[in-house]
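> Okay, sequence plus prediction incoming.
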There are 2 protein chains.
Amino acid sequence: MKNVDDKIFLMHAEVCKAMANPIRLKILDALGHGEQSVDVMAKSLNLRKANLSQHLAVLRQRGIVATRRDGLHIYYCCANSKMLKACAILREVLLEQLEEGGRLTKQVSRRG
Amino acid sequence: MKNVDDKIFLMHAEVCKAMANPIRLKILDALGHGEQSVDVMAKSLNLRKANLSQHLAVLRQRGIVATRRDGLHIYYCCANSKMLKACAILREVLLEQLEEGGRLTKQVSRRG
DNA sequence: TAAATAGTTTCAATGTTTCGAATATACTAA
DNA sequence: TTAGTATATTCGAAACATTGAAACTATTTA
């Protein structure tokens, strides 16, 4: 049997794969503010329902989001706030990089 | 021009893509303990050099690792410790899920 | 300079992800 | 039961990722 570390690396890669799409990251970001129905998300993110549903399925399969049905509507929420925390840290780094990049670009154009 | 948020979601997805592979996560984990040469990593991770180099290129292109040459050797290190922090949080969640799963399995088999 | 070592890149085969379109399922109301 | 709304699944095509093998570049040493 495979050891626990290898299993964790595999699971970790699966989670990253699930997050490796800008639409799915927007979905997670939206769910960070509270649960939402597919319908509402489709409108606010401007996506076809079928496509949104496919992305939600990916997140569901990896246990990143959880669902609750209420009548016709299915409400999605983030399954674990620590995952949002991990996302937030990465975004922090990227924002820094973006700012850094902007500053460098300005310096270069000032020189050119 | 695309707005900053969209750009961040795209960059974030790129970073997740780069991390969405168990080999690359093992590489990052190894680099968490300090810089290492390709040669040493190839041996410790039991990978062909060409393949390791391909994975390192993915991490390099996304700015996740940085390099330094010293003579014949090229040393890789993690470019930003916050990224390791984000990885650590995700692994924490996954370890919890794995433990939770194990506990449930035991309960089920006790009942069965 | 040639040979050796460390690392990278390119190519082609194979596998995976993404999407829209069509189809299917779950629930509600008439 | 039928119709209607909300969501999910399946399929096929295009785009993308992963791999080993071979060819390539950079550095050191003789």
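Arrived safely, thanks for sending.

> Look at A:Tyr75 and give its secondary structure.
Reduced to three states with DSSP: H, G, I helix; E, B strand; the rest coil, the structure at A:Tyr75 is strand.

> Give me the neighbour count for the residue nearest to it when sequence neighbours are not counted.
Using Cβ to Cβ, 6 or more residues apart in numbering or on different chains and skipping residues adjacent in sequence, the residue nearest A:Tyr75 is A:Glu35, 4.5 Å away. Quick note: C-beta positions are derived from backbone N, CA and C, even for glycine. The tally of other residues near A:Glu35 (other Cβ atoms under 10 Å in any protein chain shown) stands at 16.

> quick one, phi/psi of A:Glu35?
Backbone torsions of A:Glu35, given as degrees, to the nearest 10, read phi -70, psi 150.

> Now find how far off-centre stretch A:57-67 is within its chain.
11 Å (Cα atoms, centre = their mean, to the nearest Å).

> With stretch A:62-82 instead?
Distance, centroid of stretch A:62-82 to centroid of chain: 14 Å (Cα atoms, centre = their mean).

> Buried ones in the one helix or strand A:Arg60 maps to, by neighbour count?
Secondary structure assigned from DSSP states H and E places A:Arg60 in helix A:49-61. The neighbour-count check on helix A:49-61 (16 or more other Cβ atoms under 10 Å in any protein chain shown) flags A:Leu52, A:His55, A:Leu56, A:Val58, A:Leu59, A:Arg60 as buried.

> Please apply the same query to stretch A:5-19.
Judged by neighbour count using 16+ other Cβ under 10 Å, the buried positions of stretch A:5-19 are A:Ile8, A:Phe9, A:Met11, A:His12, A:Ala13, A:Glu14, A:Val15, A:Cys16, A:Lys17, A:Ala18, A:Met19.

> Among those residues, which ones lie close to DNA strand C?
The overlap between those and the neighbours of DNA strand C (Cβ under 7 Å from any atom of the strand) comes to A:Lys17.

> mind listing which of the buried residues of stretch A:5-19 are in strands?
For the buried residues of stretch A:5-19, not one is inside strands, with DSSP state E as the criterion.

> host element of the most centrally placed residue in chain A?
When Cα atoms, centre = their mean is applied to chain A, the residue found nearest the centroid is A:Leu25 (2.6 Å). Assigned by DSSP H and E, A:Leu25 belongs to helix A:22-31.

> residues in contact with that helix?
With contacts defined as Cβ atoms under 8 Å, 6 or more residues apart in numbering or on different chains, helix A:22-31 is touched by A:18-19, A:36, A:41, A:44-45, A:47, A:51-52, A:55-56, A:58-59, A:64-65, A:76-78, A:83-84, A:87, B:6, B:9-10, B:12-13, B:16.
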